[in-house]
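S.K.: quick one: sequence and predicted model below, then my questions.
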Amino acid sequence: MHKQFMGGRLRRLREEARLTQAELARRLGLSASYLNQLENNQRPLTVAVLLKLKAQFGAEVERFGDDEGMHLVAQLREIAHDLPAGGQGGGMPLSQAEIKELVANMPGAARALVTLYQQRRHLTEQLEALTVGTDAQRNGQPAAGMPPSAPYEEVRDFFFARNNHIALLDEAAEAFAQQCDLPQGAAAEAALVAQLRQRHGVQTRMLTGVGEDTPRMLRHYDPQRRVLCVRASISAGQRAFQLATQLALLEAGSHIDLLVQSAGFGSDHARGLARIGLANYYAGALLLPYGAFLQAARDCRYDVEVLSQRFGVGFETICHRLSTLQRPSDRGIPFFFIRVDRAGNISKRQSATHFHFSKIGGTCPLWNVYEAFAQPGRIVVQLARMPDGRTYLWLARTVSGAGTGWGRPRKTFSVALGCDIRHARELVYAQGLDLADPQAAVPIGMGCKVCERQGCTQRAFPPLGRPLQVDENVNQSAPYAALP
């Protein structure tokens, strides 16, 4: 086991608790000189001390885990590749060793750098949008503008910072389901209609027409008339989810408002997106209550299709709910959930762990999330190893929306669920895999532009910050060979 030097984090935890070194040392049963050595990275943080810290500070000690650190390292590596190179020799302005040292000793400063970079990128995008609009107006065209991506990133970071688990909503939804004796999954549809009517005076109507907007409209609520319209042609599980989402906004609106206000979002767009995300979270927790769903998942060894059949909801809904089961008193497996289209665009990304993919240059083409498109409807399993040596078990499958009529494109995505290999034996998908063989894992990366792997035949872009090896007398199978 590698030694962990986390003096900066320990010092910040102590200062936030407004304790002197002597006072904290007394509470932990340590000498003041030993604690001073820990805070100055002269001694590694041992398991015994970590347990004492957890007894003293509780959940706050979870910040000493590797998950946030690995995520910050990945973010800073990507930022370092994207910033102008310093010095005459070129190359990244920050080395890998410097990044790891910064995250280990000053995680607050690392997070601040990430925030500053995100703000810079947001302003750059706004400037580009204004430039595009000005050019269009000069050419006699309306200024379309480019919508900034920052609000989506703000909301994703909000969920990531909470390990994709919102305890306030999860507990409220579970309590409501027990109080109202609500059936689980798709079977809750009729009961949800009744609860909306009885508790909030909302009448529910099913959209069965064939108007132009009907195929696109899944749910529409009129607050003045207190009428909720839900598309009839979607599955029972989808209808139940739409009903539960509306109930969330009415029943748990105060909880949602409190979470949004305390998050400090930078725009109305981000606050609106967060409200939708939190309402969806409550809906999932209402249909799939924490305790019952986690026990069912453990009983079937996290077999997603078995859970889908039992609860009557879709493959994607089950995967998403599995990625939220991080209640401190009873944790499920920390999953990473992602949804992509054929072009590699990530439309959903939720994480209870540290797995990180690049935001520039696309994701890795060797990842099984893309292989799933070649085998529609079939679960594809993969052991994947990242450049840092960590190995993950991934399962992926395509999901498609119902057809909405001739000439209208059908939505098709690949949904993937992944976890660290140390949890793999708890999953049914590990059957037949040699988890102990390092050669069984497919080497993948965060994305071609920031991946440091050499000799990859699938590389689509040259690695950022690395000079290319150009020789007209040599032709290699691996494109964009970089100098060592």
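M.R.: Arrived safely.

S.K.: quick one, domains of this structure?
M.R.: 7-64, 69-148, 167-328, 336-443 (automatic domain parsing).

S.K.: the residue lying closest to Ala109 once chain neighbours are set aside: which element?
M.R.: Of all residues not flanking Ala109 in the chain, Leu102 sits nearest, at 6.6 Å (Cβ to Cβ, 6 or more residues apart in numbering). C-beta here means a position set from N, CA and C on the backbone, and glycine is covered the same way. For Leu102, the element it lies in under DSSP states H and E is helix 96-105.

S.K.: so which of the domains of the chain is nearest Gln469?
M.R.: domain 69-148 (14.6 Å; Cβ to Cβ).

S.K.: and Ala167, how many neighbours?
M.R.: 13 (other Cβ atoms under 10 Å).

S.K.: how about it, nearest residue that isn't a chain neighbour?
M.R.: Going by Cβ to Cβ, 6+ apart, Ala167 has Arg327 as its nearest residue, at 6.8 Å.

S.K.: before we move on, the earlier item: the domains of the chain into TSV, with extra columns for distance to Gln458 and mean pLDDT?
M.R.: What follows is these, written out as TSV (distance: least, Cβ to Cβ, whole Å; pLDDT from 0 to 100):
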stretch	distance to Gln458	mean pLDDT
domain 7-64	36	79
domain 69-148	19	64
domain 167-328	26	93
domain 336-443	5	85
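
S.K.: including distance to Arg156, could those go into a markdown table?
M.R.: What follows is those, written out as a markdown table (distance: least, Cβ to Cβ, whole Å):
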| stretch | distance to Arg156 |
| --- | --- |
| domain 7-64 | 19 |
| domain 69-148 | 11 |
| domain 167-328 | 9 |
| domain 336-443 | 6 |
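
S.K.: wait, which of the ones you listed is closest to Lys449?
M.R.: domain 336-443 (3.2 Å).

S.K.: hmm, back to that, pretty sure the residue nearest to Ala109 contacts Gly108?
M.R.: No: between Leu102 and Gly108 there is no contact under Cβ atoms under 8 Å: 10.4 Å.

S.K.: contacting residues around Arg397?
M.R.: When contacts are counted by Cβ atoms under 8 Å, 6 or more residues apart in numbering, Arg397 touches Val304, Phe315, Ala372, Gly377, Arg378, Ile379, Val380, Ser414, Val415.

S.K.: any chance of a ChimeraX selection covering the buried ones in those residues?
M.R.: The buried residues among the contacts of Arg397 can be selected in ChimeraX (16 or more other Cβ atoms under 10 Å) with this line:
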select :304,315,372,379,380,414,415
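
S.K.: for the contacts of Arg397, could you give me TSV that also reports secondary structure and distance to Gly401?
M.R.: Output for those, formatted as TSV (DSSP: H, G, I helix; E, B strand; the rest coil; distance: Cβ to Cβ, whole Å):
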residue	secondary structure	distance to Gly401
Val304	helix	18
Phe315	helix	12
Ala372	helix	16
Gly377	coil	14
Arg378	coil	18
Ile379	coil	19
Val380	strand	20
Ser414	strand	13
Val415	strand	12
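
S.K.: of the contacts of Arg397, closest to Ile166?
M.R.: Val415 (21.0 Å).

S.K.: beta partners of the closest one?
M.R.: Beta-bridge pairing for Val415 (DSSP bridges): Arg339, Arg397.

S.K.: got it, and Gln350?
M.R.: Phe337.

S.K.: how close does it get to Thr204?
M.R.: Applying Cβ to Cβ, to the nearest Å, the value for Gln350 to Thr204 is 29 Å.

S.K.: burial measure for the residue nearest to Ala109, as a count.
M.R.: Neighbours of Leu102 using other Cβ under 10 Å come to 18.
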